[in-house]
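K.L.:
sequence and predicted structure below; questions after.
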Protein chains: 2
Amino acid sequence: MSPRGQAARAVSQPAQQPVRRPTVQDVAREAGVSPSTVSRALHTRGYASPAVRARVRAAAERIGYVTDHNARNLRSRTSTSIGVLISDLRNPFYADLAAGIEEELRAAEYQMVLVNDNGDPAEEMQAAETLLAMRVPGVIVTPVTAKCPQVLQNNGVHVVCADRELGRSTSDVVVSDNKTGACELTEHLIALGHTRIGMLIDETKWSTGAGRLAGFRAAHANNDLSVDENLIAYTSFDADAARLSTRKLLNKHEVTAIISANNVLAQGALAELKDRRLKIPRQISLAAYDDVPWMSLVQPALTTVDQSTVEMGRSCARLLLARIRGELPARRRLVKVPARLIVRGSTGPVPR
Amino acid sequence: MSPRGQAARAVSQPAQQPVRRPTVQDVAREAGVSPSTVSRALHTRGYASPAVRARVRAAAERIGYVTDHNARNLRSRTSTSIGVLISDLRNPFYADLAAGIEEELRAAEYQMVLVNDNGDPAEEMQAAETLLAMRVPGVIVTPVTAKCPQVLQNNGVHVVCADRELGRSTSDVVVSDNKTGACELTEHLIALGHTRIGMLIDETKWSTGAGRLAGFRAAHANNDLSVDENLIAYTSFDADAARLSTRKLLNKHEVTAIISANNVLAQGALAELKDRRLKIPRQISLAAYDDVPWMSLVQPALTTVDQSTVEMGRSCARLLLARIRGELPARRRLVKVPARLIVRGSTGPVPR
DNA sequence: CGGAAATGTGGCATCGATGCCACATTCCAC
DNA sequence: GTGGAATGTGGCATCGATGCCACATTTCCG
């Protein structure tokens, strides 16, 4: 980029001072060709001799030309902005997801428009409308309601759902292999002799929670154990609620191990265990689905399932871009990102 | 938003199937007025009778009209997309910053285009160029080099620097009150009797590190202590490096307390202390600037300075929007976000 | 060496919304 | 009842890049 307007201007140009930027016209004049040729030489593929191309490039560089995406998008009915609609950037899960998406988009010269919907259906729909207005060719969303992906698709926007599926969706989706991951995690505990394992889970309507719960059950089945339904604690997506649920599991149900279905619930569970000064893992084992950094910093470090969140984000972006480029067959694609069990110090043999 | 095209379409419309969206023309026809009137009725303020306005609104709603931002931006030479340029979304500091920014922007009906530059000058410049191409009216950046804000400003884009200042910048800036915060933190340790306090710091060229170091020195001066320069460990922005620096401080310099200048360095320091099985705070105290969630989950919880990162983000956004709206006087504004000392269990009296 | 095919470039209309101005009404005061 | 100000609406050009087609030039082959 060549610096235009050498002298640094005042902080605030008097409101909307022009700062006229060069256009293709200017470049054309500078290079002695027509605007059409400039356009082709700089962007569109083909149709320009190397000599002209070089000359145009040089001219553009010289006068500091930068393409106007608005004009380009309007005329060519395309855009390189991708909408990313997530619940909460402050949760490391979503942050990692967004980071992976952004990385991949940037590499492909796309931009990420990030919107937090705070898990609220109304805000989600509002965001969808904004993205529609921006004419983005695609959106990656961790959906709150099925309506959002639906509306986007009905308006010709490609959609990839991340982390979860809602009902009978027709969009592509990238999820963690929840069932397998949760099953491995549960079997790890069973192998240590645990038979009374509490499961903290916040929702089971979304595929995410349902998958993890299914894995929990499958592990029991695989080992000829029946699941005591009382040990499945349905709680809300909130550390404090998880703490209360943990308390109940400990008081009433004599669990020897606890699994939390995500990183937020794990905080609550851990807080309760620490509060009671229970020795982990000597007196009780704790494990979590969704490895986030703090889990390896606490003492003992938590046994977790790493769902490769960043890779999941990359995967969403790759899938969406392929869809936009029309490289994919029509039928919807479901990508399962493998989950990996990481055994750390928080799980141990069942106390006798 | 009224759902257009009721039936769910196939996942992938055959490449670029039209999906023609209604335009002002369509709304105009539907409402029996002219396109100009539609435009005024829906967006521009003034000049439309309540009756017409209502009629147009209804018509737009009925046919599912959504303004095309590209066309609007092109014509009116404005945009509601704001560029946000940060180093690393996976670091909770930046994630919180971005969350605060997004929240405030969304409330003002602006969108956030988020780009990670990985702390790399080249990527930062590339991102700046992209944002220029998008014709964003403003950018919030945690700058890597001074060139980036400079180039943006020269092209008429308003800039707010977040978290740090580089050299003689002419842009608005929002920073933590580093000096005061670090001073309070240091004085807290001094009050506990510590005189050999190690300071882990990764850079001092940016205002951030310089401010924190200044606070560290000020605290000593306020208490008539001289600073042993050997206790200032200049390390790189990396947990492992911080760990090595911590090791050196412990081996060679008999520190009784360690302050780390940010959340990343704190991880390294903590790892080293745990590895040596040092009792915190009985044998050594540890404290950090920049409170992030894991710091209250570890045992003992870390004494920190909370720099209100989310609020810092909000503040950046508010400042930028005010600038864009021309509500601010010309001279550059510097906002210092107060820092708050949070005493937890990791700091205690100096061992005798 | 002529004509067809290939290649490269320019002209012009266009994407969709809006700024600006002109003009048709309505309203009021004298 | 008439002039002139308000008020509300429509017409038209325009933002900047690009798609498409026409045409000029070169290349190639029989």
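P.N.:
Great, that's in hand.
K.L.:
where do the strands of chain A begin and end?
P.N.:
If DSSP state E is used as the criterion, the strands of chain A fall at A:81-86, A:111-116, A:138-141, A:158-162, A:172-176, A:197-201, A:232-234, A:257-260, A:285-289, A:303-306, A:334-337, A:340-342.
K.L.:
so how far does stretch A:149-160 reach from one end to the other?
P.N.:
End-to-end distance for stretch A:149-160: 8 Å, by Cα to Cα, to the nearest Å.
K.L.:
could you do stretch A:74-84 as well?
P.N.:
Using Cα to Cα, the end-to-end distance of stretch A:74-84 comes out at 21 Å.
K.L.:
how about residues contacting it?
P.N.:
By Cβ atoms under 8 Å, 6 or more residues apart in numbering or on different chains, the surrounding residues in contact with stretch A:74-84 are A:69, A:72-73, A:98, A:101-102, A:105, A:109-115, A:127, A:131, A:134-141, A:157, A:317, A:320, B:16, B:68, B:70-71, B:74, B:81, B:113, B:134. All C-beta spots, glycine's among them, are computed from the backbone N, C-alpha and C.
K.L.:
buried residues in it?
P.N.:
Residues of stretch A:74-84 classed as buried by neighbour count (16 or more other Cβ atoms under 10 Å in any protein chain shown): A:74, A:79-84.
K.L.:
also stretch A:202-220?
P.N.:
Along stretch A:202-220, these residues count as buried under the neighbour rule (16+ other Cβ under 10 Å): A:202-204, A:206-220.
K.L.:
ok, and of the buried residues of stretch A:74-84, which contact DNA strand C?
P.N.:
Filtering these for neighbours of DNA strand C using Cβ under 7 Å from any atom of the strand leaves residue A:74.
K.L.:
residue A:60: which of the buried residues of stretch A:74-84 is nearest?
P.N.:
residue A:80 (18.7 Å; Cβ to Cβ).
K.L.:
and the stretch 101-250 of chain A, which residues reach chain B?
P.N.:
Taking Cβ under 8 Å from any Cβ of the partner chain, the part of the stretch 101-250 of chain A that reaches chain B is made up of A:102-103, A:106, A:111-116, A:125, A:128-130, A:132-135, A:150-151, A:153-156, A:158, A:170-172.
K.L.:
can you give me the pLDDT of residue A:82?
P.N.:
According to the prediction, residue A:82 has pLDDT 98.
K.L.:
same thing with residue A:205?
P.N.:
Note for residue A:205: predicted pLDDT of 80.
K.L.:
got it, and the one 4 residues further on?
P.N.:
pLDDT for residue A:209: 92.
K.L.:
and what of residue A:4?
P.N.:
With respect to pLDDT, residue A:4 scores 41.
K.L.:
repeat that for residue A:333.
P.N.:
The model reports residue A:333 with a pLDDT of 95.
K.L.:
how close does residue A:173 get to residue B:333?
P.N.:
When Cβ to Cβ, to the nearest Å is the yardstick, residue A:173 and residue B:333 sit 45 Å from each other.
K.L.:
before we move on, the earlier item: for the buried residues of stretch A:74-84, work out which two are farthest apart.
P.N.:
A:74 and A:84 (22.6 Å).
K.L.:
now do the same contact list for the closest residue to residue A:87 other than its chain neighbours.
P.N.:
Setting aside the residues directly before and after it, residue A:87 is nearest to residue A:119 in space (Cβ to Cβ, 6 or more residues apart in numbering or on different chains), at 4.5 Å. The contact partners of residue A:119, taken as Cβ under 8 Å, 6+ apart, are A:87-88, A:144, A:237.
K.L.:
my guess is residue A:93 meets residue A:265, correct?
P.N.:
No - counting by Cβ atoms under 8 Å, residue A:93 does not reach residue A:265; the two are 11.9 Å apart.
K.L.:
okay, the two: which has more neighbours?
P.N.:
Set residue A:93 next to residue A:265 and count neighbours by other Cβ atoms under 10 Å in any protein chain shown: residue A:265 wins out with 30 against 21.
K.L.:
what is the burial count for the nearest residue to the more buried one once chain neighbours are set aside?
P.N.:
The shortest distance from residue A:265 to any residue that is not its chain neighbour, by Cβ to Cβ, 6+ apart, is 3.9 Å, and that residue is residue A:242. Residues contacting residue A:242 under the criterion other Cβ under 10 Å number 29.
K.L.:
near DNA strand C, from the buried residues of stretch A:202-220?
P.N.:
Taking Cβ under 7 Å from any atom of the strand as the test, DNA strand C is in contact with none of the buried residues of stretch A:202-220.
K.L.:
now, these that are in helices?
P.N.:
Secondary structure defined by DSSP state H assigns A:207-220 of the buried residues of stretch A:202-220 to helices.
K.L.:
could you export these as a markdown table, including distance to residue B:279?
P.N.:
As requested, those are arranged in a markdown table below (distance: Cβ to Cβ, whole Å):
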| residue | distance to residue B:279 |
| --- | --- |
| A:207 | 46 |
| A:208 | 41 |
| A:209 | 40 |
| A:210 | 45 |
| A:211 | 42 |
| A:212 | 38 |
| A:213 | 41 |
| A:214 | 44 |
| A:215 | 40 |
| A:216 | 38 |
| A:217 | 43 |
| A:218 | 43 |
| A:219 | 39 |
| A:220 | 41 |
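K.L.:
and residue A:276, what does it touch?
P.N.:
Contacts for residue A:276 were tallied using Cβ under 8 Å, 6+ apart; they are residue A:250.
K.L.:
and it, backbone torsions?
P.N.:
Note on residue A:276: its backbone torsions stand at phi -90, psi 0 [degrees, to the nearest 10].
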